[in-house]
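> pasting the sequence and the predicted coordinates here, then a few questions.
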Amino acid sequence: MFYLAVMITSAIIGYSASAEYPDLVAVKDGSPVEMFEKGIAELGGMGRFVKKDQVVLVKPNIGWNKTPLQGATTNPELVGAIVKSAYQAGAKKVWVFDHTCDEESASYKNSGIKDAVEKNKGFMYTGDNEKDYLEKEIPKAKILKKVKVHKLYLEADVIINVPILKSHMGSKMTAAMKNLMGVVWDRRFWHKEGLHQSIAEFPLLKKVDLTIIDAYLVMMANGPRGLSTDDLKQAKMQILSTDMLLADTAAAKILETSLEKIPSLAIAKELGVGKMDLEKVNIKRITLNSKDSKDSKDSKK
Amino acid sequence: MKKKYWRLIIQTFFFFIVVISFIGLIDKTILNRQVLSYIHASSFFATISRLVWLEIPDAFLVTFAIILLSFIFGRIYCSYYCPVGLIQDILNSLIKRLGLRNLKKISYGQIRYLRWIILGCVVALIFSRSSWYQYLDHYALFGKLLSFTFTGISFLVLLAISVVVAPRWFCNNICPSGSIFTIIQKRPKISFYKKKKIKEKKSEVIIASENNSRRDFIKGVGAFVVGALCAKAITFTSNTQKNVQKLISLIGSILPPGAGSRESFNSRCISCGACVNKCPSKVIVIDNLVFHSTPRLDFSKSFCDYECNRCMEVCPNGALSYHPVELKKSIRLGVVNFNQNRCVVYIDKKDCGACAEHCPTGAAKTRPYGKDNELLAPYFTEERCIGCGACEYICPTRPDKAVIVKAVDVQTLAALPQVQNNSKIENIIQNKVQKDNPFPF
């Protein structure tokens, strides 16, 4: 019912004035799923992005063989909720995959994402087969002139990028743009030829329709793998935006890193990936005052 | 009749012990892996191959006992112990029921000398230490069968075909262990029993014609020499310059977790390939050229998963001693060797951090570097390194990697990951947040 209401209202608003959607929605103090439901409603509902019979790719971060509590991979309930809502908006098929760093089947399983996706009738796909990657050219790029990209990323009608926010010992931060490194085959090339430049150039290949940054558990240090739960902070936030760079800029603030320290952001802005000036855009800030948030505040003390 | 059933019961008992050891069930039961590996005495051929090189394998007393018993009772190993024997017996009874045996009997007297060629070949391979014999040794093949590899499955198919020709055809024509037992039991003088009784004992095992004339003997020796020369030719051609170089580079090869040391690993590993086939990361490989073809880790292909101890679970012989995952996480297989002069950050002044990104223990980290501290350069803490190879695997520099893991002589435990207290970071964030806007932007 909730979704139906969201869809109807979004349809009405969508026809009347699409410009009224906020550029970025930031939600705080709810469970990842609650924050998603609230946030996507503010953005006009999933129906704004997914039309009937479209093929959707949801790209979470499943890079490591870690459990959800270790904060290295995207929250599985959130991924499940996105898959579900994409189907409710009329998607024909929802794919989920990542080119994992650790062994794939263990990472898919232990992250809880495989279960969550399949429970919601989504489909997991392997990112571990070089044959699935097709060579593409990015004419505007300096380094990534040629890049082997996964066919699901190229073929999908709608791409929903669902990274988890973490600090990173190479790229300084991993969020939306860095998460797309999981749809390419040869990541060593990026590391060798210029990591920041490559991260900023890759979004030029294809537009990502929606970015949802999971900042519920944020890895503040020793990322992207993390050494222990001491590296984590329970920020209980989520950022939703159609502008990947804008979402990343806001995420950097949560990570408490100055923007100059993350070179890929400035490069991406120059390349026209998106906006960076948070003051000038329309941000919708929502704090969910659920029971859940009060409990955690008490327990912190 | 009763004797037949007894044999079946004993065979099944040993068969299940081997299977339990192989599929990683031991550690979920109260059974002891070390004790079991003595009971199932699987390492007959591996033991002999080690003794030739004056290495003392763990189970050599068991092997001696089997040989001694064979002097007295004949081929009891084949009829009571061998798991491959049981498979053949089962296939045999199946084929009997199906009536396939009524096909024209092929006289296998014609290939009576095949076994001696094979034995010669295998012995030559043992002496050259290049252990291609894992494809002829029945136990190594059984291990591959339990791992459902291509070699294992084709072995089963060939076994089924051979049983149609004659029961236990493999034992009497191919199996090098079987050939050794044949030699042993053809000395009836040592036997306490008369020849006829021996024949009864090994009722199911039909042994090639007993006409042990001098001519046959010479032919057998001739076949043995031919086989040995063939093997010698194979190893000679495979010892190309490339292979020799590879050989040298493999001397310090990295052993799978739980191996302990090269000596202890060699004394128990039987090259069955269980760890190679069950490794989810596909990092364990077998080289046929060296070390009795014991496995090693190849970090150019993959790296050892931090959260995984599958190889220890499936090792049937305790060559990889079992450790729970939590303990395995700190087993040091090697130590990182960092060459700054090849590193992207230090040479090209570009951020990379691939090694630090992959390091599960925090042995590889990055710190500010460069004129304005604008870069993050890797640095390594050796005490924390477990030699899992993640950093070496992902390092992007070519042709030589900046990070290389070198093996340790004895596997030890590395220091546990250092735990930091990040409460400071949290405080900063709390302070910066304004009252009317709970977001930091």
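All right, it came through fine.
> quickly find the element holding residue 95.
Chain wasn't specified; assuming chain A. Assignment of secondary structure by DSSP states H and E places A:Trp95 within strand A:93-96.
> my question was about chain B
Counting by DSSP H and E, B:Ile95 is found in helix B:83-98.
> identify the residue spatially nearest to the one residue in the stretch 251-400 of chain B that gets nearest to chain A, adjacent ones excluded.
In the stretch 251-400 of chain B, the residue found nearest to chain A is B:Gly353; the distance is 2.2 Å by CB to the nearest CB. No exception for glycine: its C-beta is placed from N, CA and C like everyone else's. Nearest non-adjacent residue to B:Gly353, counting by CB to CB, 6 or more residues apart in numbering or on different chains: A:Gly170, 2.2 Å away.
> neighbours of the one you found, how many?
26 (other CB atoms under 10 Å in any protein chain shown).
> ok, it to B:Arg97 distance?
65 Å (CB to CB, to the nearest Å).
> can you check A:Ser31 too?
Counting by CB to CB - A:Ser31 and B:Arg97 are separated by 62 Å.
> sorry, back to before: list the contacts for the residue of the stretch 251-400 of chain B closest to chain A?
A:His168, A:Met169, A:Gly170, A:Ser171, A:His191, A:Leu195, B:Val345, B:Thr366, B:Leu376, B:Pro378 (CB atoms under 8 Å, 6 or more residues apart in numbering or on different chains).
> now do the strands in the stretch 251-400 of chain B.
Taking DSSP state E, counting those that start in this stretch, the strands of the stretch 251-400 of chain B run over residues B:284-286, B:295-297, B:331-338, B:364-369, B:375-380.
> the longest one vs chain A: in contact?
No - if you take CB under 8 Å from any CB of the partner chain as the test, strand B:331-338 misses chain A, and the best it gets is 14.7 Å.
> in that strand, which residues are buried?
B:Ile331, B:Arg332, B:Leu333, B:Gly334, B:Val335, B:Val336, B:Phe338 (16 or more other CB atoms under 10 Å in any protein chain shown).
> wait, what's in contact with the first one?
So the one you mean is B:Ile331. B:Ile331 is in contact with B:Pro257, B:Gly258, B:His323, B:Ile386, B:Gln411, B:Thr412, B:Leu413, B:Ala414, counting by CB under 8 Å, 6+ apart.
> CSV for those residues, including pLDDT and neighbour count?
Below are the contacts of B:Ile331 laid out as CSV (pLDDT from 0 to 100; neighbours: other CB atoms under 10 Å in any protein chain shown):
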residue, pLDDT, neighbour count
B:Pro257, 92, 27
B:Gly258, 89, 24
B:His323, 83, 17
B:Ile386, 92, 29
B:Gln411, 87, 24
B:Thr412, 83, 13
B:Leu413, 82, 12
B:Ala414, 81, 22
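> ok, which pair from those residues is furthest apart?
Using CB to CB, these span at most 14.5 Å, a distance reached by B:Gly258 and B:Ala414.
> before we move on, the earlier item: so what are the sheet partners of the strand holding A:Trp95 and their directions?
Sheet pairing of strand A:93-96 (DSSP bridges) gives strand A:55-60 (parallel), strand A:123-124 (parallel).
> hmm, who's touching the helix holding B:Ile95?
B:8, B:11-12, B:14-15, B:18-19, B:42, B:78-79, B:101, B:138-139, B:141-142, B:156, B:159-160, B:162-164, B:167-168, B:170-171, B:175, B:204-205.
> next one: that helix to chain centre, how far?
Using CA atoms, centre = their mean, to the nearest Å, the mean C-alpha position of helix B:83-98 is found 27 Å from that of the whole chain.
> got the buried residues for it?
Buried, per 16+ other CB under 10 Å, within helix B:83-98: B:Pro83, B:Val84, B:Gly85, B:Leu86, B:Ile87, B:Gln88, B:Asp89, B:Leu91, B:Asn92, B:Ile95.
> next, name the residue at the spatial heart of chain A.
A:Val162 (2.2 Å; CA atoms, centre = their mean).
> quick check: beta-bridge partners of that one?
A:Pro60.
> coming back round to it: mind putting the buried residues of strand B:331-338 into TSV with distance to B:Lys371 and pLDDT?
Formatted as TSV, these follow (distance: CB to CB, whole Å; pLDDT from 0 to 100):
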residue	distance to B:Lys371	pLDDT
B:Ile331	41	90
B:Arg332	36	91
B:Leu333	38	92
B:Gly334	35	91
B:Val335	32	92
B:Val336	27	92
B:Phe338	22	93
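> hey, C-alpha coordinates of stretch B:163-178 in PDB?
Extracted C-alpha coordinates of stretch B:163-178, given in PDB (Å, rounded to 0.1, in the frame of the first residue of the first chain):
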ATOM      1  CA  VAL B 163      36.100 -54.500 -14.600                       C
ATOM      2  CA  VAL B 164      34.100 -55.700 -17.600                       C
ATOM      3  CA  VAL B 165      37.300 -57.200 -19.000                       C
ATOM      4  CA  ALA B 166      38.200 -58.900 -15.800                       C
ATOM      5  CA  PRO B 167      37.600 -58.300 -12.100                       C
ATOM      6  CA  ARG B 168      40.500 -56.400 -10.500                       C
ATOM      7  CA  TRP B 169      42.000 -55.900 -13.900                       C
ATOM      8  CA  PHE B 170      43.500 -52.600 -12.700                       C
ATOM      9  CA  CYS B 171      45.100 -54.200  -9.700                       C
ATOM     10  CA  ASN B 172      46.800 -56.800 -11.800                       C
ATOM     11  CA  ASN B 173      47.800 -54.800 -14.800                       C
ATOM     12  CA  ILE B 174      48.300 -51.100 -13.900                       C
ATOM     13  CA  CYS B 175      48.600 -50.500 -10.200                       C
ATOM     14  CA  PRO B 176      52.300 -50.100  -9.300                       C
ATOM     15  CA  SER B 177      51.500 -50.800  -5.600                       C
ATOM     16  CA  GLY B 178      49.800 -54.000  -6.800                       C
END
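> buried stuff in it?
Neighbour counts over stretch B:163-178 (16+ other CB under 10 Å) mark B:163-164, B:166-178 as buried.
> helix or strand for the closest residue to chain B within chain A, which one?
Closest contact between chain A and chain B, by CB to the nearest CB, is at A:Gly170 (2.2 Å). Per DSSP H and E: A:Gly170 is located in neither a helix nor a strand.
> that one contacts A:Leu195, doesn't it?
Yes - if you go by CB atoms under 8 Å, A:Gly170 and A:Leu195 touch, sitting 5.8 Å apart.
> thank you, goodbye.
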